[in-house]
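Peer 1: Quick check, what structure comes out for this input:
(one chain, ligands or ions: 2)
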Amino acid sequence: MDKKKELGEFGLIQRLTSRLKFHASNSVLGIGDDCAVYPVKSGAKEVISTDALVEGVHFSLSTTTPEELGRKALSVSLSDIAAMGGTPKRVLVTLGISKKISVSFLDRLYAGFNTICNRYKVELAGGDTVSSPNSFFINVAIIGEAKRVFTRQGARPGDLIFVTGTLGDSSLGLKLLKKKKSTGASKDYKFLIERHLDPTPRVQEAGILARSRINITSMIDISDGLIQDLYHICKASKVGARIQENRLPLSPEFSRTCHRDNTPPLPYVLNGGEDYELLFTLPTDGVKNLKRQFLKAKALVTQIGEITLRPQKVSLDKSDGRSEVLPESEGFNHF
Ligand code: ADP
Ligand code: MG
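Peer 2: Ligands and ions are numbered 1, 2, ... in the order given. Model (predicted):
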């Protein structure tokens, strides 16, 4: 008999949520009642978001392990909280379970949740469990706290544009995954594929920015691609942007792979998506402080361009000296 049937809805929830310790927090009441209950800290702001991941749209069960899927499902939500300058505190997880999903798959998924909850001190505060006729899906709702909130609006002409980490790794990794270049793959391939399957939410970097006195004028996390997400800042702030090709931060693994496989890097770097790096702006007088803080934390940050007056246009200064306006719509879009 199907083990899910044997356990029943409540047995399954009990099994998934009670066997692992999802970070002990200050909850008044955790999983098991109609709601979880938390005290509210005065002065802090609450930042909340929700994200759905659907099999066949956001992930493929043939290229990801359940542990990786669990880690990524939470990491991308943590990235949203980081993008606001917040600290993630708790998540609620809804599962739409299709027929082919086994209990051991779910155990391994929750082991992935557990890794991220413990790594970032986030509590699993509850969720919902339903059946789904076709595709498996996961929804993660996340709640965080912020002392200062960074939004997409507020960038001013003359502000400098910065990005954490490196760009393009994830989308090149996805291409390699699809070509099944993961088996017996080189170290570089493995690195890129891991950047796709197991992105690092920039919670640490967001904390550095939030604690600093730097005047961060806008921020977003790069999920749809550098250019599309930069356009989001430009639209919300009613400004334009100019970025420089030769400043874009690339990992050595990415550069070597593009070179070896004769792959033009720019489409991945500009429009690849799922980098989950932070993209933010600040006036020039904050740059020294920013660089000092990131150096101290051994975290990577790179200036890639500046905000311009030209409303809602993003242009690229190419390495060959030419300049071009970039279209908005080449990043990821569901419809
Ligand atoms: P209700 O009938 O009120 O919707 P449920 O039976 O769905 O309550 O949930 C019971 C408890 O288990 C609640 O605390 C809920 O948040 C939690 N829960 C349900 N499904 C999950 C899940 N997939 N992961 C974590 N917690 C869950
Ligand atoms: Mg329910």
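Peer 1: List phi and psi for the closest residue to residue 237 other than its chain neighbours.
Peer 2: Counting by CB to CB, 6 or more residues apart in numbering, the nearest residue to residue 237 once its immediate chain neighbours are dropped is residue 155, at 3.9 Å. Every C-beta, even on glycine, is put in place using the N, C-alpha and C of the backbone. Torsion angles at residue 155 (phi, psi; degrees, to the nearest 10) stand at phi -70, psi 140.
Peer 1: Is residue 155 in contact with residue 218, as I believe?
Peer 2: Yes - using CB atoms under 8 Å, residue 155 is in contact with residue 218, at 4.1 Å.
Peer 1: Which of the helices or strands spans the residue in the stretch 201-335 of the chain that ligand 1 sits nearest to?
Peer 2: Taking CB to the nearest ligand atom, ligand 1 has its nearest neighbour within the stretch 201-335 of the chain at residue 201, 20.0 Å off. Residue 201 is located outside every helix and strand, with elements delineated by DSSP states H and E.
Peer 1: CA atoms of the worst-scoring helix or strand of the chain on mean pLDDT as PDB?
Peer 2: Ranked by mean pLDDT, DSSP states H and E, the helix or strand of the chain with the weakest confidence is helix 3-18, at a mean of 92. The C-alpha trace of helix 3-18 is given here as PDB (Å, rounded to 0.1, in the frame of the first residue of the first chain):
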ATOM      1  CA  LYS A   3       2.900   4.700   2.500                       C
ATOM      2  CA  LYS A   4       1.200   8.100   2.300                       C
ATOM      3  CA  LYS A   5      -2.200   6.500   2.600                       C
ATOM      4  CA  GLU A   6      -0.900   4.500   5.500                       C
ATOM      5  CA  LEU A   7       0.400   7.600   7.400                       C
ATOM      6  CA  GLY A   8      -2.600   9.700   6.500                       C
ATOM      7  CA  GLU A   9      -2.400  13.500   6.200                       C
ATOM      8  CA  PHE A  10      -1.800  14.100   9.900                       C
ATOM      9  CA  GLY A  11       0.600  11.200  10.300                       C
ATOM     10  CA  LEU A  12       2.600  12.600   7.300                       C
ATOM     11  CA  ILE A  13       2.700  16.100   8.700                       C
ATOM     12  CA  GLN A  14       3.800  14.700  12.100                       C
ATOM     13  CA  ARG A  15       6.500  12.600  10.500                       C
ATOM     14  CA  LEU A  16       7.900  15.500   8.300                       C
ATOM     15  CA  THR A  17       7.900  18.100  11.000                       C
ATOM     16  CA  SER A  18       8.700  16.300  14.200                       C
END
